[in-house]
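1. could you look at this predicted model? Sequence included:
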Amino acid sequence: MEKPLKKDSIYKNDHITKVRKLLKGELGLLLILAVLIVTFMILSPYFFTSRNLLNITRQISITLIVAIGMTFVILTGEIDLSVGSLAALAGVAAAAAINATGSILIGIIAGLVMGFAMGAINGLLIVYGKVQSFIVTLAMLGIARGIALVWTGGKPISGLPISFGTMGAGYVGMVPVSTIIAAGVFLIAYYFMNRTKHGIYMRSIGANTEAAKLSAIPVKKYRIIAFLISGLLSGLGGILITSRLLSAQPTAAEGMELNVIAAVILGGASLSGGIGTILGTLLGAMVIGVIDNGMNLVGVSAFFQQIVKGIIILIAVMAKRGE
Amino acid sequence: MKKFVVVMLIAVVIAGLGFSAQKVIGFAVSTLANPFFVSMKEGGEAKAAELGLEMIVLDAQDSSEKQYSQIQDLITRNVDVLIVNPCDSDAVVPAVMEAKMMGIPVITVTRPANGIEVNQHLDIDNKEAGMLAAEALVEALDGTGKIAVLEGIPGAPSANDRQAGFMAVIDQYDGLEVVTSLTANYSREEGARVMEDVLQGNPELDAVYAHNDEMALGAVRAIVAAGRMNEIKVFGIDAVDDAIMAIKNGEMVATVKQQPALQMAMAVEAANDIINGKTVEKLVIVPLQLITIEQIQ
């Protein structure tokens, strides 16, 4: 009897295979991203400069951070429509805390706690109240936004210390600080999702909730955790927006949920749950960021941009399915 | 499939292009959903074409975060002059600071960038606009009546001033009473919604003063739907086309002409001057004109 040749074995684990496995699902999206980049390179000499590329990473950093939170939620088969409102509310909380205490650290903590707390309310209502996540987070979208408006009387909170602006608008050398923050969140989320049992559990819950329950996976706990993560990261997003503008606007991040969900779906996640990756979300956010930035540089007329963006996203999703 | 994607992408993006090799003005506008700013854009584009300048217009859809990204992109694009119509006078400051740091001259129109010096700021005297509207109202109501006010975006300097100018006149008349003052965020849709509630809560009402025409037009729709058009007189500011039409139809009494197209044309001229090395005035106040049925006929 011959021994099976090592190189044909399914157990081979060399680098090329690793990379191929990594990109397998994302290859189509990577290709689309490459096509977009090349297209804009041709159309504008300003596109492929280090300054602009780093700018793009800064511009998508907030959407990416919130989209990573959304990925966990969508993976468990749910949806979180409240992310924009939570971001705004967290930004308001952070600004109010900074103005009240003079401490940026307390402000950041206040914003994160606000996002986390609202996420907890979402999770508890959905899991123990047994109300559909669409409904709960839709209601929260209104409630959180309303709280932000009542709190501020509809007016933005300004007069924040310039040092607070470093998070959203500052640089470390050539690299924007918010890019570094987003990269950090990405790495932590990637590790959590792919290298711990938690990620696998959450994916199973989305793929087949009954089977997950029968496998003794604590389904309720993980469903709530997904919304905690989403709330927390929405809060972080809101803090970064406030930092970038040095102003907490109660109307901030209106409609952000759509952009965020688009990034996650573009990244290959399925709205019914069970399918989706952090890397996919990153690529999805990059595609959207490149489109926005590219069109601005080329000078596509304001009215046209909306149409073009919608069409490109449709084509990208169709092309990806076709791969 | 891949080829198809490439061809489609390039075709779609090229379709939106406007080629020009000349100097470039970047115009970051707050929102093109408001016809006032559309007039502004058109006035600017006409003047730019006349002077041989290219103008890129980016619409922030009333979002300060979007405007921040858009101004960044205009900076990357190396525009020769940046003209900004801020969504929020405070939130725009970091972006304007970046533009100045990169050596790009900045002109602000209609709303200022608070606390930071720019090459030129064009504005109307919003207090005067409020005053003109108030004077028209006083005349129409003969000095007595109940008034509802629809306010613009809370905290916006234009809204604050239009209110201040208005109240400065109204306060002089004991017979005039402001029964309610609510914000409709300069939007027609919100103006209609808020007006419905105001009508419910105020069986007696003689006039509505809205900080801009969009809200006034929304209010008109609500008043017409409630069948109270003959009781209530409506006043706005901006003189957009729909408002002129409304005055002709007897649905509105007066509006104040801000001349947005002229404002932007002046801004583009100033930009041209800056490009040619001339200095420009720091502040330009564009003249106003009260528009009633008399001016239209």
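-> On my side now, so go ahead. Because the structure is predicted, anything quoted here is derived from the model rather than measured.
2. bridged to the residue nearest to B:V118 when sequence neighbours are not counted, which residues?
-> Of all residues not flanking B:V118 in the chain, B:V106 sits nearest, at 4.3 Å (CB to CB, 6 or more residues apart in numbering or on different chains). Heads up, the C-betas are built off the backbone N, CA and C, glycines and all. Beta-bridge partners of B:V106, counted by DSSP bridges, are B:L82.
3. what about B:V106, how many neighbours?
-> As a burial measure, B:V106 scores 26 neighbours (other CB atoms under 10 Å in any protein chain shown).
4. so it sits right up against B:D80, yeah?
-> No. If you go by CB atoms under 8 Å, B:V106 and B:D80 don't touch, sitting 11.5 Å apart.
5. what's the overlap in contacts for the two?
-> Common neighbours of B:V106 and B:D80, using CB atoms under 8 Å, 6 or more residues apart in numbering or on different chains, do not exist here.
6. strands along chain A, start to end?
-> A:171-172, A:175-176 (DSSP state E).
7. who are the neighbours in contact with A:V83?
-> Contact analysis of A:V83 by CB under 8 Å, 6+ apart lists A:66, A:69-70, A:230, A:234, A:237, A:253, A:256-257, A:260.
8. let's see 7 Å
-> A:66, A:70, A:230, A:234, A:256-257, A:260 (CB atoms under 7 Å, 6 or more residues apart in numbering or on different chains).
9. can you list the weak-confidence ranges in the stretch 51-200 of chain B?
-> For the stretch 51-200 of chain B, no stretch has pLDDT under 70.
10. helices of that one, residue ranges please.
-> Along the stretch 51-200 of chain B, the stretches classed as helices by DSSP state H, counting those that start in this stretch are B:64-76, B:93-101, B:126-141, B:157-170, B:188-201.
11. mind putting the ones you listed into TSV with mean neighbour count and distance to chain A?
-> Shown next, in TSV, are the helices of the stretch 51-200 of chain B (neighbours: other CB atoms under 10 Å in any protein chain shown; distance: least, CB to the nearest CB, whole Å):
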stretch	mean neighbour count	distance to chain A
helix B:64-76	25	4
helix B:93-101	19	6
helix B:126-141	21	17
helix B:157-170	20	10
helix B:188-201	19	12
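12. which residues of the stretch 151-297 of chain B fall in strands?
-> Secondary structure of the stretch 151-297 of chain B (DSSP state E, counting those that start in this stretch): strands located at B:176-183, B:207-210, B:233-235, B:254-257, B:283-285, B:289-292.
13. what's in contact with the third one?
-> Read it as strand B:233-235. With CB under 7 Å, 6+ apart, strand B:233-235 has contacts from B:133, B:136-137, B:140-141, B:206-209, B:216, B:219-220, B:251-254.
14. mind redoing it with 10 Å?
-> Applying CB atoms under 10 Å, 6 or more residues apart in numbering or on different chains, the external contacts of strand B:233-235 come out as B:132-134, B:136-137, B:140-141, B:145, B:147-150, B:166, B:195, B:205-210, B:213, B:215-217, B:219-220, B:223, B:243, B:246-247, B:250-256, B:292.
15. buried ones in that strand?
-> Going by neighbour count (16 or more other CB atoms under 10 Å in any protein chain shown), the buried part of strand B:233-235 is B:233-235.
16. what's the answer for the fourth one, then?
-> Using 16+ other CB under 10 Å as the test for burial, strand B:254-257 gives B:254-257.
17. export the residues you listed to JSON lines and tack on pLDDT and distance to B:L58?
-> Shown next, in JSON lines, are the buried residues of strand B:254-257 (pLDDT from 0 to 100; distance: CB to CB, whole Å):
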{"residue": "B:A254", "pLDDT": "95", "distance to B:L58": "34"}
{"residue": "B:T255", "pLDDT": "96", "distance to B:L58": "28"}
{"residue": "B:V256", "pLDDT": "95", "distance to B:L58": "28"}
{"residue": "B:K257", "pLDDT": "92", "distance to B:L58": "27"}
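18. any chance of the residues you listed in TSV, plus distance to chain A?
-> As requested, the buried residues of strand B:254-257 are exported to TSV (distance: CB to the nearest CB, whole Å):
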residue	distance to chain A
B:A254	27
B:T255	25
B:V256	24
B:K257	25
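19. pull the most distant pair out of those.
-> Of all pairs drawn from the buried residues of strand B:254-257, the greatest distance, 10.3 Å, lies between B:A254 and B:K257 (CB to CB).
20. so what sits against both of those two?
-> With CB under 10 Å, 6+ apart, B:A254 and B:K257 have common neighbours B:132, B:237, B:239, B:243, B:290-291, B:295.
21. buried subset of the residues you listed?
-> By 16+ other CB under 10 Å, those give B:132, B:237, B:239, B:243, B:290-291 as buried.
22. so which pair among the contacts of A:V83 is furthest apart in space?
-> A:S230 and A:M256 (12.2 Å).
23. what mean pLDDT does stretch A:290-304 get?
-> Mean per-residue pLDDT for stretch A:290-304: 85.
24. pLDDT wise, what is residue 1 at?
-> No chain specified, so I'll use chain A. 53.
25. um, chain B though
-> Value for B:M1, per-residue pLDDT: 60.
26. now the one 4 residues further on
-> According to the predicted model, the pLDDT of B:V5 comes to 66.
27. what does A:N13 give?
-> Looking at A:N13, the pLDDT reads 61.
28. before we move on, the earlier item: which neighbours do A:S230 and A:M256 share?
-> A:66-67, A:83, A:86.
29. A:K220: which of the strands of the stretch 151-297 of chain B is closest?
-> Of all those, strand B:176-183 comes closest under CB to CB, at 42.4 Å.
30. each with direction, which strands does the closest one pair with?
-> strand B:145-151 (parallel).
31. distance from the partner strand to the middle of the chain?
-> Strand B:145-151 has its C-alpha centroid displaced from the chain centroid by 21 Å (CA atoms, centre = their mean, to the nearest Å).
32. hang on, the earlier thing: could the strands of the stretch 151-297 of chain B go into JSON lines alongside distance to B:P94?
-> Shown next, in JSON lines, are these (distance: least, CB to CB, whole Å):
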{"stretch": "strand B:176-183", "distance to B:P94": "26"}
{"stretch": "strand B:207-210", "distance to B:P94": "32"}
{"stretch": "strand B:233-235", "distance to B:P94": "37"}
{"stretch": "strand B:254-257", "distance to B:P94": "32"}
{"stretch": "strand B:283-285", "distance to B:P94": "23"}
{"stretch": "strand B:289-292", "distance to B:P94": "36"}
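33. ok, now which ones touch A:V177?
-> Contacts of A:V177 by CB under 10 Å, 6+ apart are A:58, A:61, A:165-171, A:240, A:243.
34. what sits closest to it if chain neighbours are left out?
-> Closest to A:V177 by CB to CB, 6+ apart is A:G170, at 4.4 Å.
35. quick one: that neighbour and B:E98 touch, right?
-> No. Applying CB atoms under 10 Å as the test, A:G170 and B:E98 come out as separate, 11.5 Å apart.
36. for chain A, which segments count as helices?
-> A:15-24, A:27-43, A:50-75, A:83-101, A:104-127, A:133-152, A:166-169, A:177-195, A:197-207, A:209-214, A:219-245, A:256-266, A:278-298, A:302-322 (DSSP state H).
37. okay if I get those helices as JSON lines plus distance to B:A113?
-> Converted to JSON lines, the helices of chain A look like this (distance: least, CB to CB, whole Å):
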{"stretch": "helix A:15-24", "distance to B:A113": "45"}
{"stretch": "helix A:27-43", "distance to B:A113": "30"}
{"stretch": "helix A:50-75", "distance to B:A113": "21"}
{"stretch": "helix A:83-101", "distance to B:A113": "19"}
{"stretch": "helix A:104-127", "distance to B:A113": "24"}
{"stretch": "helix A:133-152", "distance to B:A113": "21"}
{"stretch": "helix A:166-169", "distance to B:A113": "15"}
{"stretch": "helix A:177-195", "distance to B:A113": "22"}
{"stretch": "helix A:197-207", "distance to B:A113": "45"}
{"stretch": "helix A:209-214", "distance to B:A113": "52"}
{"stretch": "helix A:219-245", "distance to B:A113": "12"}
{"stretch": "helix A:256-266", "distance to B:A113": "24"}
{"stretch": "helix A:278-298", "distance to B:A113": "20"}
{"stretch": "helix A:302-322", "distance to B:A113": "21"}
